[in-house]
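Enquirer: The following comprises the amino acid sequence and a computationally predicted model.
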Amino acid sequence: MDQKNIFLKILKKEIKADIIYKDKIVTAFKDIKPKAPVHILIIPNTLIISANDINEENKNILTHIFTTAIKIAKKTGIDEKGYRLILNCNKDGGQEIPYLHLHLLGGKYLGDIL
Ligand code: AMP
């Protein structure tokens, strides 16, 4: 299986994922190897490889991705205690899957690395 297109395969329903939210613009599903009690990935429904590919034309998608993450945080009840949103970009940023995705992490104290 081509690991590179794994999120594309999830969108096309070629592989299973625990999808918790979907609308016309974004899809959110549980991370397969959760790093926290709540670990959700939010992706655009049209392929954007990384943060480097955000431009004037598609920049509004970021607002929708972040708004969705916040809604999910509230729905899962982690909003009051807090959560972390992470968007890795390319090799040094630790991006493994070349499909733009926002991590929503919470449900425990996540430490103070930053
Ligand atoms: P990143 O390192 O920012 O590219 O994050 C990629 C994330 O995708 C990791 O946290 C993986 O655990 C997660 N992941 C990889 N494959 C799958 C999958 N099939 N379903 C859900 N999450 C996945």
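Expert: Cool, the structure landed. Fair warning: this is a prediction, and the values are worked out from it, not measured in the lab. Numbers count the residues shown, from 1 in each chain.
Enquirer: List the contacts of the closest residue to residue 103 other than its chain neighbours.
Expert: In space, not counting the residues next to it along the chain, residue 103 is nearest to residue 86; the distance is 4.2 Å by C-beta to C-beta, 6 or more residues apart in numbering. Bear in mind the C-beta positions are built from the backbone N, C-alpha and C, glycine included. Shown in contact with residue 86 (C-beta atoms under 8 Å, 6 or more residues apart in numbering): 102-103, 105.
Enquirer: quick one: residue 69 and residue 102 touch, right?
Expert: Yes. With contact defined as C-beta atoms under 8 Å, residue 69 counts as touching residue 102 (5.7 Å).
Enquirer: what is in contact with these two at once?
Expert: Common contacts of residue 69 and residue 102, defined by C-beta under 8 Å, 6+ apart, comprise 42, 85.
Enquirer: For the lengthiest strand in the chain, what is the distance to the chain centroid?
Expert: Ordering each strand of the chain by length in residues (DSSP state E) puts strand 38-44 first. The chain centre lies 3 Å from the centre of strand 38-44; the measure is C-alpha atoms, centre = their mean, to the nearest Å.
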